[in-house]
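Colleague: I would like to see how this sequence folds:
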Amino acid sequence: MAINQDELGAKLKYYYSGYVVNKKIVNIQDIRQVPKFVSEHLLTKLAEEYEDRIGEKIGKIIELITNFYPEAKDRDKILDKVIIRKQTHKIIDEIKVEVDEKHEIRKAIIPSLNIRDAMILDSIVEENPELLSSGIWGLVSLRPSDPITDDAGNKLTLPILIDSFTPFHVTNIDVDEFIEKRKYFTMEEWIDVLINTIGLNPDVYTERQKLILISRFVPLVENNVNLLELGPRATGKTYFYRNISFYTRIISGGLITPAQLFFNIARKTIGEIGIKDCIVFDEIAKIRFGNVDEMMGKLKDYMESGHFERGPKKATSLCSLVFMGNIDIKPTESGYVPIEDINYSLPDFMRGDTAFLDRINAVVPGWEMPKIKKTDIHLSKNYGFSVDFFSEILHELRKKDFSSFLRDKIELENVTIRDEKSIFRFASGLAKILFPNKEINKDGLKLILDIAVEYRQKIADLLHRMAPGEYEKKKIEYKIK
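Modeller: Residues are numbered from 1 along each chain as shown. Here you go, the predicted structure:
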């Protein structure tokens, strides 16, 4: 039975008041300068003030972003105003703070101005500790700073000071309250809430396609998941990861170095894997590694163990990895399928590496997804969670353990250790997003395990085709205890 989206929206607003947003309003105006979670945060904040005056809400957001988000061509104009003319200036940007160990001071990174050494008030960092980890988008006030002297008596000139900061994300998240209120929704209703939250219209997707969409959440809620998704262009793969979480970094094609990904020896700074919840390798066929042997060795070691080392640095990380690419498809009686084997969508140095492919936990069949074509058909017209709130929920769910809970209920058959680890890891992530309160009946368990086993079976089948002497043909099965 089809779900009444208006009734579902009213129910969501009732139980999660203050944390939902009308996705139709968000989709009216495409604000490209900033990520979706920034515009949705501003929209949520303006919702009460402007009630149902949609045009004014959007107008206020566009005005704010237009006035304060700096264009690349204005960099020197802004620096001239602050450094030379000694005036204050406000911008919108994603600010990250690093500790200068040598001088024992904090330095702020301002990406839009290509500044890595701005001063920042200690009070701002203490009020927003996430600045020291993943960075935060917000409204930043800049002014000229005074020279400072470090403990050794050296005078340091850092010309810009951040003297105020308004974060563009919701604070004081109560993940237990979020989990507790899940009980008021059926599984079908909850799935549609998640689809609306993504910004898509649940009425145009089949139940199977909805579950494929929700599979994309798994690396955001589960630690150390390695996912491969291949599908046609314009199915929302990149859009999802770019706009659903603060804690994701997308690397689109091009050259990737060990310094960028793992550890920069010269700067003594940790790479993206040590900072983010999820790294997405977009357009994977166009990815190039600066030192292929070193990068593949370190990547495979990390995918297996969660550990990495480079130079003097040895570290662990919980960051999940998503390898994403486009693939040509063809119609069959049962639906669309890839024209050629999925490993041909990978770059040469990954394509024939069975050890790398065996470390992929799941293959998401993105080739089954329809293209997103028309705003009034494919995009959500109803309420979903505001992305800034949901981003924090996803981040907090990573701290929950569902794997032991599932292992007590499920027994796998015809599996290797890597199969077992992959299936329970993916199933755990799917359980967190669908049943965060762990109230899962037998049908719910079957739904989760069917998907987790299917996605891992694709890897088992691929490995057998590539190296039949090393990887036997098998059918992975499970039973509920």
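
Colleague: contacts for stretch 192-207?
Modeller: Contacts to stretch 192-207, defined as Cβ atoms under 8 Å, 6 or more residues apart in numbering, come from residues 2-3, 5, 8-9, 12, 23, 26-27, 36, 185, 191, 210, 213-214, 217, 236, 240, 243-244, 370, 372, 377-385, 387, 390, 433. For the C-beta atoms, the positions are set from N, CA and C on the backbone; glycine is no exception.

Colleague: so what's Gln5 closest to, chain neighbours aside?
Modeller: Spatial nearest neighbour of Gln5, excluding adjacent residues (Cβ to Cβ, 6 or more residues apart in numbering): Asn382 at 4.5 Å.

Colleague: Next, give phi and psi for the one you found.
Modeller: phi -130, psi -170 (degrees, to the nearest 10).

Colleague: Wait, it touches Lys11, no?
Modeller: No - Asn382 is beyond contact range of Lys11, at 10.9 Å (criterion: Cβ atoms under 8 Å).

Colleague: higher neighbour count, these two?
Modeller: Each of Asn382 and Lys11 has its neighbours counted (other Cβ atoms under 10 Å); Asn382 has more, 23 against 16.

Colleague: who's in contact with the more buried one?
Modeller: Asn382 makes contact with 5-6, 8-9, 22-24, 196 under the criterion Cβ under 8 Å, 6+ apart.

Colleague: Give me the neighbour count for Asn196.
Modeller: 27.

Colleague: hang on, the earlier thing: may I ask which of the contacts of Asn382 comes out lowest in pLDDT?
Modeller: Within the contacts of Asn382, pLDDT reaches its minimum at Lys24, with 81.

Colleague: Name the residues of the longest helix anywhere in the chain that are buried.
Modeller: Taking DSSP state H as the criterion, the chain has its longest helix at helix 442-466. Neighbour-count burial for helix 442-466 flags 445, 447-449, 451-453, 455-463, 466 (criterion: 16 or more other Cβ atoms under 10 Å).

Colleague: So which residues of the stretch 251-400 of the chain form strands?
Modeller: Under the criterion DSSP state E, counting those that start in this stretch, the stretch 251-400 of the chain contains strands at 263-264, 269-270, 278-289, 307-310, 313-316, 320-326, 329-332, 335-338, 362-364, 383-385.

Colleague: From the contact counts, what lies against the longest one?
Modeller: Contacts defined by 3 or more Cβ pairs under 8 Å, 6 or more residues apart in numbering; DSSP states H and E place strand 278-289 against helix 237-243, strand 248-256, strand 320-326.

Colleague: Now Ser245. Nearest residue, chain neighbours left out?
Modeller: Ser391 (4.5 Å).

Colleague: Return the residues in contact with that neighbour.
Modeller: By Cβ under 8 Å, 6+ apart, the residues touching Ser391 are 37, 169, 244-247.

Colleague: Leu430 now?
Modeller: Neighbouring residues of Leu430 by Cβ under 8 Å, 6+ apart: 214-215, 218, 448, 451-452.

Colleague: now, among those, which is nearest to Pro338?
Modeller: Ranked by distance to Pro338 (Cβ to Cβ), the contacts of Leu430 are led by Ser215 at 17.0 Å.

Colleague: So for Asp30, what's the pLDDT?
Modeller: 59.

Colleague: swap in Asp150?
Modeller: Looking at Asp150, its pLDDT reads 62.

Colleague: do the same with Ile54
Modeller: Residue-level pLDDT assigned to Ile54 equals 58.

Colleague: just to revisit the earlier point, out of the contacts of Asn382, which end up buried?
Modeller: By neighbour count, with 16+ other Cβ under 10 Å, those hold 5, 8-9, 22-24, 196 as buried.

Colleague: could I get these as JSON lines with distance to Pro70 and secondary structure?
Modeller: Below are those laid out as JSON lines (distance: Cβ to Cβ, whole Å; DSSP: H, G, I helix; E, B strand; the rest coil):
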{"residue": "Gln5", "distance to Pro70": "39", "secondary structure": "helix"}
{"residue": "Leu8", "distance to Pro70": "40", "secondary structure": "helix"}
{"residue": "Gly9", "distance to Pro70": "36", "secondary structure": "helix"}
{"residue": "Asn22", "distance to Pro70": "29", "secondary structure": "strand"}
{"residue": "Lys23", "distance to Pro70": "28", "secondary structure": "helix"}
{"residue": "Lys24", "distance to Pro70": "30", "secondary structure": "helix"}
{"residue": "Asn196", "distance to Pro70": "33", "secondary structure": "helix"}
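
Colleague: Many thanks, I have nothing further to ask.
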